[in-house]
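Asks: what follows is a predicted protein model with its sequence.
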Amino acid sequence: MKQRKLLIMFLLMLSMMVFLAACGDTEEDTPDDSTDNGASETEEPKAEKQFLNLVTGGTGGTYYPLGGIFAQIFTDNTNAETTAQSSGASAENMQAISTGDADLAFTQTDIASYATEGRLMFKEPIKNIKAIASLYPETIQIVTTSDSGITSIEDLKGKTVSVGAPGSGTFANAEQILEIYGMTMDDIKPQHLSFDESTGGIQDGTINAAFITAGTPTGAVETLAATSKVVILPIAEDKIKQLIEKYPYYAKEEIPAGTYSLESAVPTVAVQAMLVARDSLDEDTVYEMTKALFENQGQIENAHAKGALISLETALNGVGIEVHPGAQKYYDEQGVQ
């Protein structure tokens with residue numbers, strides 16, 4: 001009987017020891033759990049939201065509507081809340097980057113090169129511009145109507161012609177094309193109008209024709225085509241060759257039949273539209289923006305016809321300036337050269 005009591009006491013003591021040991025393990029685990037919680041609480045905070053300004057072009061061109069789409073994509077997919085605003089386009093946009101009034105900009109590839117080299121309309125090189133992506137062809141369209149009686153570039157001599165703002169990409173294109181045809185600005189009556197003002201002037205008869213450099217179809221020209229029979233002046237094949245030989249950033253282009261209700265395709269030339277950034281914009285942000293741009297192409301295509309021409313495969317085509325490190329990182333990952 002005594003032995004039985006001792007056995008029971010022994011078993012009770014053993015059970016108590018096991019219970020206490022289990023409690024001890026639980027208490028020892030608690031600090032580990034709190035350590036884990038502490039680690040999660042001290043995770044790196046998300047990058048601070050940035051507010052960026054994207055300068056585009058006139059409201060009647062292609063840059064402006066595309067800029068609105070790009071800004072929305074960047075705002076939705078990165079830490080950069082981006083606002084698109086209208087502007088005087090390519091050359092003015094380069095100055096805005098230079099002065100810090102813009103963080104991102106649309107421009108033509110030729111204008112970006114002039115800016116970084118300090119040529120033509122740029123008295124001094126602009127050093128803080130870096131490329132993000134080449135986008136789509138910017139078609140040089142020499143616009144008039146059937147009522148004008150103008151059927152060739154030679155017919156522009158003595159006529160009132162809109163050539164874009166002084167120092168704009170359109171102005172440079174007009175100057176170079178006239179040069180190939182043996183003319184200068186002195187041979188025409190130049191007017192420095194926006195795309196909307198140009199087509200409005202053609203419609204009301206205050207000007208005879210206009211140079212418009214933009215992706216086709218261009219909104220301002222579509223508006224004109226709704227009320228008038230639009231004529232796009234062709235650039236002759238031999239003149240295209242001369243132009244490309246002297247200014248290699250041009251490429252042969254064609255405006256398809258049906259555009260603006262044209263009865264047949266019109267031969268012309270184009271430069272490339274591109275997106276650029278100030279060089280001080282941090283690498284991670286530009287990486288995320290570049291990624292977002294090409295991972296949301298469907299959204300761009302649904303919103304504008306030019307979206308179908310923007311592709312990762314051609315993102316570095318015609319880029320004559322240094323690529324931003326953030327964009328380059330994305331291209332390296334994707335094997336784009």
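Replies: Happy to help now that I have it.

Asks: tell me the helix or strand right after the lowest-mean-pLDDT helix or strand in the chain.
Replies: The least trusted helix or strand in the chain, going by mean pLDDT, DSSP states H and E, turns out to be helix 2-41, with a mean of 48. Next in sequence after helix 2-41, counting helices and strands by DSSP states H and E, comes strand 50-55.

Asks: what comes up buried for that next one?
Replies: For strand 50-55, a neighbour-count test (16 or more other CB atoms under 10 Å) marks Leu52, Asn53, Leu54, Val55 as buried. In this view, the C-beta of every residue, glycine as well, is placed from N, C-alpha and C.

Asks: same check, this time on stretch 215-223
Replies: Those would be Gly215, Thr216, Pro217, Thr218, Gly219, Ala220, Val221, Glu222, Thr223, for stretch 215-223 by 16+ other CB under 10 Å.

Asks: start and end of that stretch, how far apart?
Replies: With CA to CA, to the nearest Å as the measure, stretch 215-223 spans 15 Å from end to end.

Asks: residues contacting it, please?
Replies: Contacts of stretch 215-223 with the rest of the structure, by CB atoms under 8 Å, 6 or more residues apart in numbering, involve 58-62, 65-66, 136-139, 141, 143, 195-196, 198-199, 212, 230, 255, 259-260, 273, 305-306, 309.

Asks: the residue nearest the centre of the chain in helix, strand or coil?
Replies: Ranked by distance to the mean C-alpha position of the chain (CA atoms, centre = their mean), the top residue is Leu275 at 3.4 Å. Put simply, Leu275 is strand when judged by DSSP: H, G, I helix; E, B strand; the rest coil.

Asks: so who does it touch?
Replies: By CB under 8 Å, 6+ apart, the neighbours of Leu275 are Phe70, Leu104, Ala105, Phe106, Ala131, Ile132, Ala133, Leu135, Leu293.

Asks: could you rerun that using 7 Å?
Replies: Neighbour list for Leu275: Leu104, Phe106, Ile132, Ala133, Leu135 [criterion: CB atoms under 7 Å, 6 or more residues apart in numbering].

Asks: can you report how many residues neighbour Gly100?
Replies: 11 (other CB atoms under 10 Å).

Asks: where does it land on pLDDT?
Replies: Per-residue pLDDT puts Gly100 at 95.

Asks: same check, this time on Lys127
Replies: 95.

Asks: so where do the helices sit in the stretch 51-200 of the chain?
Replies: Secondary structure of the stretch 51-200 of the chain by DSSP state H, counting those that start in this stretch: the helices cover 63-77, 90-99, 109-117, 169-180, 195-204.

Asks: name the residues of the longest one that are buried.
Replies: In this case it means helix 63-77. Tyr63, Tyr64, Pro65, Leu66, Gly67, Gly68, Ile69, Phe70, Ala71, Ile73, Phe74, Thr75.
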